[in-house]
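*Asks:* Just the structure for this:
(chains A and B)
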Amino acid sequence: MKMEFVVQTKDLCKTFAGKKAVNRVNINIRRGDIYGFIGENGAGKTTFMRMVCGLASPTSGMIRLFESADLEKQRKRTGAVIENPALYPSMTAAQNLEAYRLLMGIPGQNIVSELLDFVGLGNVGKKKTKDFSLGMKQRLMIAIALIGNPEFLILDEPMNGLDPMGIKETRDLLLKLNKEKKLTIVVSSHILDELSRMATCYGVIHNGNLIAEFSTRELENRCRRNIKIVVDNPDKAEHILKTTVCANFDVMADGAIVLYDHLDEAAGINQTLVSNGLTVSVLAPGGQDLEGYFMDLMGRKN
Amino acid sequence: MSIIKSELYKLKIFRPFYICLSICAAIVALFGLSIQGGDVEYAEGGEGGISAVLLIEQTLDLPFLPFIFAVFVSLFVCGEFHNGTIKNYVSKGFKRVGIYVSKLAVCGVAVLMMYGVYVALLGIMGTVLGGFDPQGVAAFSNTTAMILGEGLLMLAYAAVFILVSMCLRGVGASIAVNLCIESFLPIILRASSFIIGGDIMLENYWISTHITALAALTPESGAVLRGILVGLCYVAGGTLVGSILFKRQDIK
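*Replies:* Numbering: from 1, shown residues only, chains lettered A, B, ... in the order given. Sure thing, here's the model as predicted:
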């Protein structure tokens, strides 16, 4: 049977001095996903990632990697960049990679130059990493994470401090890895617009709690431009919109109708509903991007 | 084994290691200059003589080698925490005990190399200045026991310094504490023995006491065995305690 989940957690908790940094997080990350991890500073993203990587031990709960509880063995199939780029500053890029090649017991030195070329650092020569720009350090860290052909990458804010060109290069690199090497990637970032350009699903963490999980398709549905209509009789309104307007819409759990087309005909739709004896209490344009949706979520939680 | 290969590779291009080796060599050169200048007397050599074995015997218990080791180990071990590179090891699925033991092994190799360079240069310089053992005071077995025993005790120092460095993780703090251990612990142990009273002499359980006892071409009866036992206890105990502590701690 083909393994489906790369990361699974059950009631994962981490407590620091009585404060729950991660509180009963249940997450399932599927193979092939680019999982965007979103949260405010101190929400618990890094702590969660550190536990998955083995840098911090959970206070309680369970982690499974590649559907196995033997985490040390399975971590050999992962690559991670947690917080700042962790490099030997007085070594060159090739020397840094060579140290990890030896660590992973990979024969032959070709892999070092191949990885440097892959991340666009093939021409840095003998320049020491302490003289690298942040973008170069980030790319070298990704190369280090890729040593040993991992199937799963964990990247904690890889866009931090990068200029627009660096951000685009990192995004393109991650998309390439996901597409060409079929890597599953968990990436946290504050740059939500960037995240929305590559993630296939999202998890939102707030005060240590995972408050929302959704796919890109669900996000598109939630965020696409729409008209929200609240009427006194949703069933009748649904019937009218289907038969008279032929509209594409959803009826929400609270009875509100979200209309995805005929967006320029709000006045006409209002008139149709009213003329059919309905009382329209709300008829408002809607639609957000990921950032708007995130802010909305945070607002509700606060 | 792969983790030790990686550590050895890093040691090979770790500049402070070569600086420490150079300092060891420079100290021997300073001895040579002092002897030639007549600042150091070697009356024990008899007939005003100086020889390689006497030079080794009389300088092995000087405290500067452990000082150099303390600084080197702090830089080598704490550098991983300072740079954050220790995270890369753990996140690649290497066992914490394996990481600790690899640090001990490679620091041990480095420390023994420094000690080896020091002893070898002392031997060469002593031989050049006055011959290897013109007075015939050294038995081969005693000389070998002295050099190997002292080497084991140097490893014991390295084990203690690694334990401190892995716990403190900060380069500055680790250097300071390791130097304080080397400088003040024998005094503290002696003072504690006086306070406790009785026959217990706590300083007899510390490494430096045995380094002094072993630095003799005709050591006291049992001194070699005691030195070896103390050295092994510190290496084994330090590794056990250090790896347990390292396993329990989160890595930032």
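*Asks:* Nearest the geometric middle of the chain, what residue?
*Replies:* No chain was given, so I picked chain A. By CA atoms, centre = their mean, the mean C-alpha position of chain A lies nearest to A:Gly36, the distance being 0.2 Å.
*Asks:* other chain: chain B
*Replies:* B:Met154 (2.8 Å).
*Asks:* Wait, it touches B:Ile68, no?
*Replies:* No. Assessed by CB atoms under 8 Å, B:Met154 is found out of contact with B:Ile68, at 10.3 Å. Just so you know, the C-beta spots here come from the backbone N, C-alpha and C atoms, and that holds for glycine as well.
*Asks:* Look at the residue lying closest to A:Glu151 once chain neighbours are set aside and say how many residues are nearby.
*Replies:* In space, and not counting its chain neighbours, A:Glu151 is closest to A:Arg77: 5.0 Å by CB to CB, 6 or more residues apart in numbering or on different chains. Other residues within reach of A:Arg77, judged by other CB atoms under 10 Å in any protein chain shown, total 17.
*Asks:* Going by residue numbers, what spans are strands in the stretch 151-300 of chain A?
*Replies:* Listed in chain order, the strands of the stretch 151-300 of chain A (DSSP state E, counting those that start in this stretch) span A:152-156, A:184-188, A:201-206, A:209-215, A:226-231, A:249-251, A:257-259, A:280-286.
*Asks:* The residue nearest to the centre of chain B belongs to a strand?
*Replies:* No. Using DSSP: H, G, I helix; E, B strand; the rest coil, the assignment for B:Met154 is helix, not a strand.
*Asks:* dump the residue contacts of it.
*Replies:* B:65-66, B:69, B:111-112, B:115 (CB atoms under 8 Å, 6 or more residues apart in numbering or on different chains).
*Asks:* For PyMOL, write a command that selects the buried ones of those.
*Replies:* For the buried members of those, the matching PyMOL selection, counting by 16 or more other CB atoms under 10 Å in any protein chain shown, is:
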select buried, chain B and resi 65+66+69+111+115
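*Asks:* Could you export the contacts of B:Met154 as JSON lines, including pLDDT and secondary structure?
*Replies:* Putting the contacts of B:Met154 into JSON lines (pLDDT from 0 to 100; DSSP: H, G, I helix; E, B strand; the rest coil) gives the following:
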{"residue": "B:Leu65", "pLDDT": "91", "secondary structure": "helix"}
{"residue": "B:Pro66", "pLDDT": "93", "secondary structure": "helix"}
{"residue": "B:Phe69", "pLDDT": "95", "secondary structure": "helix"}
{"residue": "B:Val111", "pLDDT": "95", "secondary structure": "helix"}
{"residue": "B:Leu112", "pLDDT": "95", "secondary structure": "helix"}
{"residue": "B:Tyr115", "pLDDT": "94", "secondary structure": "helix"}
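*Asks:* now, the most widely separated pair of the contacts of B:Met154?
*Replies:* Using CB to CB, the contacts of B:Met154 span at most 13.4 Å, a distance reached by B:Pro66 and B:Leu112.
*Asks:* So for chain B, which of the strands of the stretch 151-300 of chain A sits nearest?
*Replies:* Ranking the strands of the stretch 151-300 of chain A by their distance to chain B (criterion: CB to the nearest CB) puts strand A:152-156 first, at 7.7 Å.
*Asks:* got the angle between the closest one and strand A:184-188?
*Replies:* Relative orientation of strand A:152-156 versus strand A:184-188 (axes from the mean of the first three to the mean of the last three CA atoms, to 10 degrees): 10 degrees.
*Asks:* Now do strand A:152-156: distance to the chain's middle.
*Replies:* 10 Å (CA atoms, centre = their mean, to the nearest Å).
*Asks:* ok, and the helix or strand in the chain with the lowest average confidence?
*Replies:* Using chain A. One helix or strand of chain A scores below all others by mean pLDDT, DSSP states H and E: helix A:290-301, with a mean of 72.
*Asks:* should've been chain B
*Replies:* Lowest by mean pLDDT, DSSP H and E among the helices and strands of chain B is helix B:52-59, with a mean of 84.
*Asks:* on contacts alone, who are the packing partners of that one?
*Replies:* If contacts are counted by 3 or more CB pairs under 8 Å, 6 or more residues apart in numbering or on different chains; DSSP states H and E, helix B:52-59 sits against helix B:15-36, helix B:96-130, helix B:140-168.
*Asks:* between those, which one is nearest to A:Asp289?
*Replies:* helix B:96-130 (43.1 Å).
*Asks:* list the buried ones in that closest one?
*Replies:* B:96, B:99-104, B:106-111, B:114-115, B:117-119, B:121-123, B:125-127, B:129-130.
*Asks:* so what's A:Leu195 scoring on pLDDT?
*Replies:* Among the per-residue scores, A:Leu195 shows a pLDDT of 84.
*Asks:* okay, now it: neighbour count?
*Replies:* Using other CB under 10 Å, A:Leu195 has 22 neighbouring residues.
*Asks:* my guess is it meets A:Ser189, correct?
*Replies:* Yes. With contact defined as CB under 8 Å, A:Leu195 counts as touching A:Ser189 (4.8 Å).
*Asks:* hey, what's in contact with both of those two?
*Replies:* With CB under 8 Å, 6+ apart as the test, A:Leu195 and A:Ser189 both reach A:36, A:38.
*Asks:* what sits against B:Arg15?
*Replies:* Contacts for B:Arg15 (CB under 8 Å, 6+ apart) come out as A:Ser90.
*Asks:* Report the separation between it and B:Ala138.
*Replies:* Distance from B:Arg15 to B:Ala138, counting by CB to CB, to the nearest Å: 37 Å.
*Asks:* Show residues contacting stretch B:229-240.
*Replies:* B:100-101, B:104, B:149, B:152-153, B:155-157, B:159-160, B:162-163, B:205, B:207, B:210.
*Asks:* Whichever of the residues you listed end up buried, select them in ChimeraX.
*Replies:* Burial among the contacts of stretch B:229-240 is assessed by 16+ other CB under 10 Å; the matching ChimeraX selection reads:
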select /B:100,101,104,149,152,153,155,156,157,159,160,162,163,207,210
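*Asks:* Show me the beta-bridge partners of A:Ser215.
*Replies:* A:Cys201 (DSSP bridges).
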